[in-house]
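Asks: Any chance you can model this:
(2 chains)
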Amino acid sequence: MTVMPTMEGGLRLEIENGFDWVMLEDISKDALGDDGQKLAERLGALMDEESDWDEVVIPELRAFFSEQLGVVTRAVTQARKEAADGPEDEAGTGTLFIAREEAESWYGALNQARLGLETRFQFGPSDEMELDGVRAFSEDKLRGFLRMRFYANLQGLLLDFAME
Amino acid sequence: MTTLPPAMAPIETPVIEKKSKEATRLSQPWNVVVHDDPVNLIQYVVKVLRKVFGYGSEKAEALTMAVHKSGRAVVWTGDREKAELYVQQLHHYQLHASLEKAE
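Replies: Prediction:
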């Protein structure tokens, strides 16, 4: 996959094969994780009983985070459909645009995905990770680690080129 | 955010106590605390602190590094109602934030 900034202030993702599509489709799956979308509840747990978090804020946050995933899922589904309708000799390739106005939703969805992976695999801070430790990962954990790095890199590009 | 007791509530001792506690709770200063987590990128936390509190780059970066190094940092202090609004915004940006009474 090649990612580049656009003149309009967004990002253009050139998808080169089926593996790239899977990586993009995994964003929502990783975000939902094993226990579904619990981020709003986890954040709410930091608040004391005197706040109205449970009744007011958590439902609103849940809907907000869910919509972030919706933006990503719809964009990937649409781009893949357009790619499938294209010329047969270019099967598997496609283009996905992240508009500037959707950059925050993408960033949030990627954050949720990374949080889901962190909850599942307990990688810890990336700046404390050593290569020997990564080599000892199981295959499943290594795949999760690679997705984690991909998501973080895409977040970095969003921050640099698409988010104010 | 905070639900105040109704103005026409019956005058009973517990209600008065509750009102008094509520007034104290609202008048005393509260800290907005941001906690470190292994997911949020430093560059993003700086951006969020600038956006939510209107801080300059230098202050936002110093606070972010304090969160990263110490595990937590007080990023704002003031009245409870405003502090809750700030925490709500930080939660929207997926930052781990909470409230605590200021010393």
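
Asks: okay, CA-based contacts and neighbour counts for the rest of this
Replies: Will do.

Asks: which strand residues sit across from residue B:35 in the sheet?
Replies: Beta-bridge partners recorded for residue B:35 (DSSP bridges): residue B:72, residue B:96.

Asks: In this structure it contacts residue B:71, no?
Replies: Yes. Using CA atoms under 8 Å, residue B:35 is in contact with residue B:71, at 5.8 Å.

Asks: Compare these two and say which is more crowded by neighbours.
Replies: Ranked by neighbour count (other CA atoms under 10 Å in any protein chain shown), residue B:35 and residue B:71 place residue B:35 first, with 19 against 13.

Asks: Now do the contacts for the more buried one.
Replies: By CA atoms under 8 Å, 6 or more residues apart in numbering or on different chains, residue B:35 lies in contact with B:67, B:71, B:72, B:73, B:95, B:96, B:97, B:98.

Asks: Can you tell me which of the residues you listed are buried?
Replies: B:67, B:72, B:73, B:95, B:96, B:97, B:98 (16 or more other CA atoms under 10 Å in any protein chain shown).

Asks: Now pLDDT and distance to residue A:67 too, for these, in TSV please.
Replies: As requested, the buried ones among the contacts of residue B:35 are exported to TSV (pLDDT from 0 to 100; distance: CA to CA, whole Å):
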residue	pLDDT	distance to residue A:67
B:67	97	29
B:72	97	29
B:73	98	30
B:95	97	18
B:96	96	20
B:97	97	22
B:98	96	24
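
Asks: Around chain B, which positions in chain A sit nearby?
Replies: Within chain A, the positions lying close to chain B (CA under 8 Å from any CA of the partner chain) are A:40, A:43, A:46-48, A:50-52, A:57, A:61, A:64, A:108, A:111, A:114-115, A:118, A:124-126, A:159.

Asks: which of the residues you listed count as buried?
Replies: Applying 16+ other CA under 10 Å to the residues of chain A next to chain B flags A:40, A:43, A:47, A:51-52, A:57, A:61, A:64, A:108, A:111, A:114-115, A:118, A:159 as buried.

Asks: Now the residue nearest the centre of chain A. Nearest residue, chain neighbours left out?
Replies: Of all residues in chain A, the one closest to the mean position by CA atoms, centre = their mean is residue A:110, 2.4 Å from it. Distances taken as CA to CA, 6 or more residues apart in numbering or on different chains put residue A:151 closest to residue A:110, at 5.8 Å, once the chain neighbours are dropped.

Asks: where does the one you found fall, helix, sheet strand or coil?
Replies: Following DSSP: H, G, I helix; E, B strand; the rest coil, we place residue A:151 in the helix state.

Asks: Against chain B, how distant is it?
Replies: 11 Å (CA to the nearest CA, to the nearest Å).
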